[in-house]
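Undergrad: Could you look at this predicted model? Sequence included:
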Amino acid sequence: MPFYTALRGYTNKRLEEIAEADILVGIPCYNNETTIAHVIQMVTHGLADHYGDKRAVILVADGGSTDDTREVAKEFEIKPWQEKIVSIYRGLPGKGSALRAVFEAAARLKVTACAMVDSDLRSITGDWVKALIDPVMTKGYQYVSPVYLRHKYDGTITNNIVYNLTRALYGKRVRQPIGGDFAISRDLAKFYAEQDVWQSEVARFGIDIWMTTSAITQGFKVCQANLGLKVHDAKDPASHLGPMFRQVIWTLFNLMERYEGVWKNVQGSEPVETFGNGGGGEPEPVNVNLEAMIENFQSGYRNFSPLWKDIFCGECFKSIEAASTMDTGNFNFPTSAWIQILYELAATYHSWDQHRMRLLDLVTPLYYARVASFVRQSWDMTSAEAEQLVEEQAQEFEDHKDYLIKVWSQGPAKTCAT
C-alpha cells in the first residue's frame, strides 16, 4: 500500500507542538548505536555555538533499528532550548524514506535551512553544522553539497563513476554527489517532498544522487562546503560495494532518461562555489584487497564474457579480454575503455526493456576491474596526488560525451568511435 507521508502520528503531533523553527537537522539511521550519540552531540554543540539565537530541531529518522539506536538517541541530552524528535519513519525501508520524513518536517516547520548528516560519522564536528547551513542561511544557496578530505580508496564509486557522470552530463563540478551530508533550503525541501518517487527504488537507495541531480537540473542554486576529514565506516570495494554499484548505476541511468532533454544540451562543465577550507589532516587508510577485486573480475569474465562481447563494441571487449589475463603486478584497465564501457552500458540500459537490474548484475565485475586498475595506478601516490588522477579522468569523460550522445541515440553500440 502507498504511504502518503513518511511521518508517523507521534511525529506529526510533535511537529504541531513545535509549530515553526529556523533550522532542522535530520539524521537518518539504522543500527548505529555505537555512533549516533557522537553525531547528536556534535550537532547540538554546533547549533548552540553557531546558531544559539535560532530555534533548532534535531530529527532522528530511524529505519526500525534492531539494536539500541533509538534508545541511545532518546536518552542523549541536547541543549535545553533545542528540540529533538526520535521517530521511525513510514515507507519503504531505506535512507530515501528517512530523508522524505526530514523533507516533510522541514516544510511543515517552515525552516530557513535543513541539514542532513549521516549517523555513522566519526569525524563530524560542530563546525560541520555551520559549514553546511551557513550558505543557505546567509548566502541564498538552496543546495549545499559536501567536499571531504578522504583517503584515495574511500569513495571508489564516486571517484570512478558518479563524479565523472554528474560532471559530464549536467555541467557542474559537484565533487561528492553522493556524499551523504547536505543542506537545503525550505523551498527545495518542499520540492523533494512533493516528488512522485517515494514508492520507487529512490526510497530504498540512490537518494543522494537523486537529490543532487534534481537540484542541478531544476535550476536550484548549488554550492559546496569543505568539511575536512571524513572518517566513517568505510568499506573494502572488493567485498562490500558490488550492491552499491548496482544501486547507484540504476539511479544514475534512470535519471539520465528523465533528464535526457537537459544533459544532451550541456557542453563542458563549470566549478561551483565552494566555501571554507575544512582543515587539514591525513585521512585514515582504507584497506583494499587488490587480489580479490581482480579475482572477482576474472570470475565474471569466465561467466559473462559472451554477454559482454555482445553488449560492448569490439574495441571495448579487446580491453576487457586483455585485462582478464593480467595478474596483480601488471593489472591495467584503461580509463578510455572504462569511459566507453559506461557510456555503452547507459545506452544498452536505455534500450533494455526488462530485467534491467539483472543487466547491471552481469556487468558488476567490470567495476571491480576499473577499481583494481585505479588502485594499481595510484598505489604509490598520496591521496592528494590520486585526486589529480580523478580530475584527469573526469575531464576525459567530458571530452568523450559526444560518444555517449551517439550511442544513446543509436542503441547498443557495436562499433567504437575512432
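TA: Looks like it came in fine.

Undergrad: From here on, just use CA atoms for contacts and neighbour counts.
TA: Noted.

Undergrad: Distance-wise, check the most centrally placed residue in the chain relative to residue 225.
TA: Nearest to the mean C-alpha position of the chain, counting by Cα atoms, centre = their mean, stands residue 178 at 1.5 Å. Counting by Cα to Cα, to the nearest Å, the gap from residue 178 to residue 225 is 14 Å.

Undergrad: same question, residue 206
TA: 21 Å.

Undergrad: per-residue confidence for residue 412?
TA: On pLDDT, residue 412 comes in at 60.

Undergrad: in the chain, which segments are predicted with low confidence?
TA: 1-2, 232-241, 279-281, 412-418 (pLDDT under 70).

Undergrad: tell me the strands in it, going along the chain?
TA: With strands called from DSSP state E, the chain shows them at 23-29, 56-62, 83-88, 113-116, 143-149, 172-173, 182-185, 222-229, 270-271, 274-275.

Undergrad: mind putting these in CSV, distance to residue 388 and mean neighbour count included?
TA: Output for those, formatted as CSV (distance: least, Cα to Cα, whole Å; neighbours: other Cα atoms under 10 Å):
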stretch, distance to residue 388, mean neighbour count
strand 23-29, 32, 27
strand 56-62, 37, 26
strand 83-88, 42, 20
strand 113-116, 29, 28
strand 143-149, 13, 24
strand 172-173, 14, 20
strand 182-185, 24, 29
strand 222-229, 17, 23
strand 270-271, 15, 12
strand 274-275, 18, 18
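
Undergrad: Of the ones you listed, give the one that comes closest to residue 346.
TA: Closest approach to residue 346 among those (Cα to Cα): strand 172-173, 19.8 Å.

Undergrad: Show me how the record splits this protein into domains.
TA: The record's domain parsing of the chain by automatic domain parsing lists 9-275, 290-410.

Undergrad: and of the ones you listed, who's closest to residue 284?
TA: Nearest to residue 284, of all the domains of the chain, is domain 9-275, at 6.4 Å by Cα to Cα.

Undergrad: Now do the helices in the stretch 51-200 of the chain.
TA: Secondary structure of the stretch 51-200 of the chain (DSSP state H, counting those that start in this stretch): helices at 69-75, 95-109, 126-139, 156-157, 163-170, 186-194.

Undergrad: One more: the stretch 301-418 of the chain?
TA: Under DSSP H, counting those that start in this stretch, the stretch 301-418 of the chain gives helices at 314-323, 335-351, 356-377, 383-399, 401-410.

Undergrad: So which of those helices is nearest residue 129?
TA: helix 383-399 (25.2 Å).

Undergrad: follow-up on the earlier one: of all the domains of the chain, which one is nearest residue 283?
TA: With Cα to Cα as the measure, domain 9-275 is the member of the domains of the chain nearest residue 283 (5.0 Å).

Undergrad: so how far is that closest one off the chain centroid?
TA: For domain 9-275, the separation from the chain centroid amounts to 9 Å (computed by Cα atoms, centre = their mean, to the nearest Å).

Undergrad: tell me the contacts of residue 274?
TA: 223-226 (Cα atoms under 8 Å, 6 or more residues apart in numbering).

Undergrad: try residue 95
TA: Under the contact definition (Cα under 8 Å, 6+ apart), the residues listed for residue 95 are 28-29, 63, 203-205, 207.

Undergrad: In this structure residue 401 contacts residue 168, no?
TA: Yes - counting by Cα atoms under 8 Å, residue 401 touches residue 168, with 6.8 Å between them.

Undergrad: The two: which is more packed in?
TA: residue 168 (24 against 21; other Cα atoms under 10 Å).

Undergrad: From residue 392, how far off is the closest residue to the more buried one other than its chain neighbours?
TA: Using Cα to Cα, 6 or more residues apart in numbering and skipping residues adjacent in sequence, the residue nearest residue 168 is residue 398, 4.7 Å away. Counting by Cα to Cα, the separation of residue 398 from residue 392 is 10 Å.
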